[in-house]
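S.K.: can you look at this prediction? I've put the sequence above it.
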Amino acid sequence: MTPHEYGRATQRLAQDQLPRRSVLRLGAVGAAGIGLGALAACGRSAAGNSDTVTRQAGESASDYLQRLYQAAQKEGTAVLYTPSQESEVQALQAAWKKQFPKVTLSVTAGSTDEILQRALVEGRSRKTKCDGYQGSMAELTSLKSAGLLETYRPAQEENSDPTMVDTTQPWSVDFELAFIVAYNKNKVPDPSVLPKTFDGFTDPQWKGNIAMDLDATEFVTGLIANMGLDKATALLKGFRSNGVKLIAGSSTRTEQLADGQFAVQLDGYAHTIVKYVKKGSPIGVPQPQLQPVTSVLGLMAVTKGAPHPNAARLITEFALTADAQQAYAAQNKAGARKGFSSVYSQVLGGVQPTPLGPTANYDQARQVIKQTLVEA
């Protein structure tokens, strides 16, 4: 792939440049709307609404949730920006409809980069249209740096795993997604031949049979954080020399893995891999997983100047309720709420994932990818 082709494939689009086919607009369905338990806006509205509901001292989380719902009904709508796929939106629709049928959740979805650029353009021009934003640490850090997030601590966070709570940041955590190695069972009938370390995939026997994301920023950020810059750079150069295929999209890569277009995917999302395995696809995962296992957190954040602050808070609260967390579990995602089992115990073989934190150097990873995989 030439640098020009890579640039076209990963270009960032400003708001007015976003093609309609890339941004999935999921309108309201009846009174319930689309129940994507993802992100809620909160804080003051663009007009400085002083009627924003806040939790009172001693008030239970359930009582506060009901008061918030009543206030959100007056606003009528909550607007969410998210990179989630339509199937993920629909998975939470039933849970939302059951709890909050009188508030419409309007969802604008697209690629990670498109949604981020839209939010940045709107926020910087003080024309914010979304109440809340769902994304990973990379996107939320960008929005925080631009001064476009408000801090909101959902009452439902008291039910979260303490390791999933960081009160120093303006966002809350809903789930965790891990990158794992997976292989095609027809291409690799004997999993014992799989390397035990990532370095093993630079061996000529895997030439032309490995694949990773076209823009593997988070995966490479994790490699650098765990191996150091020099070793991670050398590893990527080895992948390049071994003809690594660069394929955008976790679902697309996993589909091609299932079809046998290559033998090994180096950075598949665990929840996507599990979904294909459950469907009967000829995909396996090495046990234990190759280390490091990098993970990203599914974050919820409040946009500054949110037009529907109470409804936005309601989405944030909903995302951490038992019903919403069960919907995440049905998508094979590791939820933040205590008491929900995770598929990671099945696919990681005892290896603990290392989540990327707010100090992760994504720009460094992008530069390394460009130099080692694109321009080399």
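M.R.: Alright, I've got the coordinates.

S.K.: would you map out the domains in this structure?
M.R.: Taking automatic domain parsing as the criterion, the chain consists of the domains 3-176+297-345, 177-295+347-374.

S.K.: in TSV: the ones you listed, plus mean neighbour count and mean pLDDT.
M.R.: Any C-beta I mention is one placed from the backbone N, CA and C, and that applies to glycine too. TSV is the format used below for those (neighbours: other Cβ atoms under 10 Å; pLDDT from 0 to 100):
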stretch	mean neighbour count	mean pLDDT
domain 3-176+297-345	20	79
domain 177-295+347-374	18	95
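
S.K.: kindly list the longest strand within this structure.
M.R.: As assigned by DSSP state E, the longest strand anywhere in the chain is strand 171-184.

S.K.: just the CA trace of it, in CSV.
M.R.: Extracted in CSV, the C-alpha atoms of strand 171-184 (Å, rounded to 0.1, in the frame of the first residue of the first chain):
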residue,chain,number,x,y,z
TRP,A,171,-15.7,10.2,31.6
SER,A,172,-17.2,6.9,33.0
VAL,A,173,-16.3,3.4,31.9
ASP,A,174,-19.0,1.0,30.5
PHE,A,175,-17.0,-1.9,29.1
GLU,A,176,-13.6,-3.2,28.1
LEU,A,177,-12.5,-4.6,24.7
ALA,A,178,-9.3,-6.6,24.3
PHE,A,179,-7.2,-7.3,21.2
ILE,A,180,-6.4,-10.9,20.8
VAL,A,181,-4.7,-13.3,18.3
ALA,A,182,-7.0,-15.6,16.4
TYR,A,183,-6.3,-18.2,13.7
ASN,A,184,-8.2,-20.1,10.9
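
S.K.: the stretch 251-376 of the chain: strands as residue ranges?
M.R.: Assigned by DSSP state E, counting those that start in this stretch, the strands in the stretch 251-376 of the chain fall at 264-269, 283-284, 294-303, 334-335, 354-355.

S.K.: relative to residue 56, which of those strands is closest?
M.R.: Proximity to residue 56 (Cβ to Cβ) singles out strand 294-303 among the strands of the stretch 251-376 of the chain, at 19.4 Å.

S.K.: hang on, the earlier thing: of the strands of the stretch 251-376 of the chain, which is nearest residue 155?
M.R.: Comparing those by Cβ to Cβ, strand 294-303 comes nearest, at 13.4 Å.

S.K.: could you list every helix and strand in contact with the closest one?
M.R.: In terms of contacts (3 or more Cβ pairs under 8 Å, 6 or more residues apart in numbering; DSSP states H and E), strand 294-303 is packed against strand 132-135, helix 137-145, strand 149-150, strand 171-184, helix 217-227, helix 309-319, strand 354-355.

S.K.: and the ones you listed as JSON lines, adding distance to residue 91?
M.R.: Below are these laid out as JSON lines (distance: least, Cβ to Cβ, whole Å):
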{"stretch": "strand 132-135", "distance to residue 91": "14"}
{"stretch": "helix 137-145", "distance to residue 91": "21"}
{"stretch": "strand 149-150", "distance to residue 91": "26"}
{"stretch": "strand 171-184", "distance to residue 91": "12"}
{"stretch": "helix 217-227", "distance to residue 91": "23"}
{"stretch": "helix 309-319", "distance to residue 91": "13"}
{"stretch": "strand 354-355", "distance to residue 91": "23"}
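
S.K.: quick revisit: next, the angle helix 309-319 makes with the longest strand of the chain.
M.R.: For strand 171-184 against helix 309-319, the angle by axes from the mean of the first three to the mean of the last three Cα atoms, to 10 degrees is 40 degrees.
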